[in-house]
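Chemist: When you get a sec, could you give me coordinates for this:
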Amino acid sequence: MINRLQHIFLHRWGGWILIPVMLLINWAASILPIRTDLTADKRYTLSPGTQKLVRSIQEPITIDVFLKGEFPSGFRKLANSTRDFLELIKEENGQNIQFRFLSPEDLQENNQPYADTLSKMGAMPINLTVQKKAGQSTNLLYPYAWIRTGHKQQLVPLFTGSKGRISQEEINSAESLLEYQFAGTLQKISSTKQATIAYEVGHGEPTDLRGYDLENTLSADHRFGLLNMRDSLTIPDGIDLLMIVKPTDAFTEDDKFKLDQFVMRGGKLLLFIDNLIAEQDSLRVKATGETIAFDRNLQLTDLLFRYGCRINTDLVMDLQSDFIPLVVGGTMENPQLEYLRWNYYPLANGAGPFSKNLGYVSTRFANSIDTIQVPGILKTPILTSSANARTITTPALISFNENRNAPEDEKFKQSNIPIGYLLEGSFSSLYSNRISTAWRDSLQRIGKPFQSKSVPNRMIVVADGDVVLNEGVAQVGPLPMGWNKYTYMAYQEGQPGGQFFIPAANRDFLKMAIEQLVGDPAIMETRNKEIVLRLLDSKKIEEGRSKWQALNIALPVLLLALFGGLFHWSRKKRFGAA
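Modeler: Sure thing, here's the model as predicted:
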């Protein structure tokens, strides 16, 4: 074979033969693109579920990515990874998918910058602090993509961290989630099928403006409505998921029986439960600034125990917590305020399938959750405290005076206290051996016989009802769920307390919980994609910077001179005698 190629090269017409052949090969490669992903983590390969979804898109879709400009290296890497991913899906359906990279400062057709539209749609810029050799620099970034088709549009968060300093690990996590974020959004914007979500209102659940963000968030992608389960014999068919948020009234046996049979028939439960009466308003109303936290007595313990968990009658305290303003001095007319951490407001971390690229989840007077050994039920923590937390038993005295002194850190030794759990498996009915004749006959009359065992099912239990509720500010209106109105207003007004504002990821947590229960399993599987981070030692790079620069410049020149000398010496030795 080598001799044949050598013969072609040495032939006087060899060049004229090879040039057309090479042009033909390049032309064939351009119209028949062949890509082989040799990476161990398959970062340049779409999952079968994503491929099927992209190929099924029938309407033109425009994707605008706002990662154009002078960014730190981490976000340049994220922009390049986003471009690579979009090239992959464009190859699958180039006729209907178009994308472009824009700067938030670019002007739209109405001469308004894109940043204004992004803010109105709820995009939260990142005030990014980057450590450089000469000091620190601050950049305002919008790591979002805007997907539009027809009359539908939706934002895709490309980075959902809530910290000012961005690590390489967080950027890597965002890259791992690109397929999940885009695939989930493309499915919502192109699909006509929507899950039906009911919000239970028969047990004192909030129906005021505290649920404003919850309703808006869920109505955008699902059929959402209110349900008083006490008005019907059973929970109506057609409801895919039932939400129970911060109930205040006890559940009767009839109520629990309806919930139980709803689960047995495959209905999904999403529970946000405050097991204790403990409210911030009670502290501020009372002149002493004190209140007693005690059991709300919702009568749900036996039902949840049967399914594999128990919400404890305690309070989780955490050194990783949100801030509140407290009066530390001054006069009645001119009080001196100081923002202090309030350990009863833990900033919880996502865990398990919720651990990737999820910012802090704001909780308030949360309880801990224990699990019970139930055959066939898999229990996965999805929301936990930090590594420096503790629990206190109730009844407990809660007082603003606790913040007068710094917390005793040695008491905060518990780590990853569970606040939320995902339960999966075939659940057994609480009423398997004690269903009354009246209940059994009632179910028979409506054609729904009693079921003692569920089909494979899922439910999520979170021991804090405030996770999905929002506060409101008179000048602004309802805030996103979980946001602290005090630090947010200080941030907006440029006051010192604004440095403590954290855009809590409660809305992202809710969306992930909904997708976990009623989303497409093929799309959820993409969330498990791992991209291995291979970091260089920055300290060694800085120490050896001059050496490697000199080596990279000088070595090629020396090698070239060496080979040139050897070649010249070889020719001289070979042909010199002649």
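Chemist: Dihedrals phi and psi, the nearest residue to residue 442 once chain neighbours are set aside?
Modeler: Spatial nearest neighbour of residue 442, chain neighbours left out: residue 233 (6.0 Å); criterion: CB to CB, 6 or more residues apart in numbering. For the C-beta atoms, the positions are set from N, CA and C on the backbone; glycine is no exception. Main-chain dihedrals, residue 233, degrees, to the nearest 10: phi -70, psi -40.
Chemist: Contact partners for residue 233?
Modeler: Contact analysis of residue 233 by CB atoms under 8 Å, 6 or more residues apart in numbering lists 258, 442, 446.
Chemist: Please report how far the second one lies from residue 228.
Modeler: If you measure residue 442 against residue 228 using CB to CB, to the nearest Å, the figure is 18 Å.
Chemist: and these two? which has more neighbours close in?
Modeler: residue 442 (15 against 12; other CB atoms under 10 Å).
Chemist: and that one, what are its phi and psi?
Modeler: phi -60, psi -40.
Chemist: returning to what we had before: with pLDDT and distance to residue 248 as added columns, please give the contacts of residue 233 in a markdown table.
Modeler: Shown next, in a markdown table, are the contacts of residue 233 (pLDDT from 0 to 100; distance: CB to CB, whole Å):
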| residue | pLDDT | distance to residue 248 |
| --- | --- | --- |
| 258 | 94 | 19 |
| 442 | 85 | 28 |
| 446 | 85 | 30 |
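Chemist: between the residues you listed, which is closest to residue 111?
Modeler: Nearest to residue 111 among these is residue 258, at 55.8 Å by CB to CB.
Chemist: Quick check: mean pLDDT of stretch 308-323?
Modeler: The average pLDDT within stretch 308-323 is 93.
Chemist: gap between it and the chain center?
Modeler: Centroid displacement of stretch 308-323 relative to its chain, using CA atoms, centre = their mean, to the nearest Å, is 21 Å.
Chemist: in it, what's buried?
Modeler: 308-323 (16 or more other CB atoms under 10 Å).
Chemist: Straight-line length of that stretch, end to end?
Modeler: Terminal residues of stretch 308-323 lie 34 Å apart, using CA to CA, to the nearest Å.
Chemist: Same check on stretch 222-233?
Modeler: 25 Å.
Chemist: now do stretch 91-105
Modeler: Its start and end residues considered, stretch 91-105 measures 29 Å (CA to CA).
Chemist: hmm, back to that, I'd like to know which of the contacts of residue 233 is nearest to residue 504.
Modeler: When those are compared for distance to residue 504 (CB to CB), residue 258 comes out closest, at 33.0 Å.
Chemist: Please, which helix or strand holds the closest one?
Modeler: Assigned by DSSP states H and E, residue 258 belongs to helix 253-264.
Chemist: Same question for that helix: list its buried residues.
Modeler: Here helix 253-264 shows 253, 255-264 as buried, counting by 16+ other CB under 10 Å.
Chemist: before we move on, what about stretch 409-422?
Modeler: 412, 414, 417-422.
Chemist: ends of that stretch, how far apart?
Modeler: Taking CA to CA, stretch 409-422 runs 30 Å from one end to the other.
Chemist: Provide the contact partners of it at residue level.
Modeler: Here stretch 409-422 has contacts from 309, 316-319, 346, 348-349, 351-353, 363, 366-371, 379-391, 458-464, 516, using CB under 8 Å, 6+ apart.
Chemist: Switch the contacts of residue 233 over to a markdown table; also include distance to residue 202.
Modeler: Listed next are the contacts of residue 233 as a markdown table, based on distance: CB to CB, whole Å:
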| residue | distance to residue 202 |
| --- | --- |
| 258 | 10 |
| 442 | 18 |
| 446 | 19 |
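Chemist: Closest to residue 375 out of the residues you listed?
Modeler: Using CB to CB, the contacts of residue 233 come closest to residue 375 at residue 258, 24.8 Å.
Chemist: Now the residue nearest to residue 459 when sequence neighbours are not counted: phi and psi?
Modeler: The shortest distance from residue 459 to any non-neighbouring residue, by CB to CB, 6+ apart, is to residue 269 (4.1 Å). Dihedral pair for residue 269: phi -110, psi 140, per degrees, to the nearest 10.
Chemist: Please tell me I have it right and residue 269 contacts residue 262.
Modeler: Yes: in this structure, residue 269 is within contact of residue 262 by CB atoms under 8 Å, at 7.5 Å.
Chemist: Name the residues contacting each of these two.
Modeler: residue 242.
Chemist: tell me the helices in the stretch 1-150 of the chain, going along the chain?
Modeler: 2-10, 14-31, 48-56, 73-92, 114-120 (DSSP state H, counting those that start in this stretch).
Chemist: Show me what the third one is packed up against.
Modeler: It refers to helix 48-56. helix 73-92, helix 178-190, helix 521-525 (3 or more CB pairs under 8 Å, 6 or more residues apart in numbering; DSSP states H and E).
Chemist: just the shortest one next, same as before
Modeler: Here helix 114-120 touches strand 144-149, going by 3+ CB pairs under 8 Å, 6+ apart.
Chemist: can you list contacts of the strand it packs on?
Modeler: 59-66, 82, 114, 118, 121, 123, 153-158, 182, 185-186, 189-190.
Chemist: go with 7 Å
Modeler: If you take CB atoms under 7 Å, 6 or more residues apart in numbering as the criterion, strand 144-149 is touched by 59-66, 118, 123, 153-158, 185-186, 189-190.
Chemist: try stretch 255-270
Modeler: 229-230, 234-235, 239-243, 303, 427, 429-431, 439, 451, 453-455, 457-460, 513, 517-518.
Chemist: Same check on stretch 108-117?
Modeler: 66, 102, 104-107, 142.
Chemist: Alright, calling it a day.
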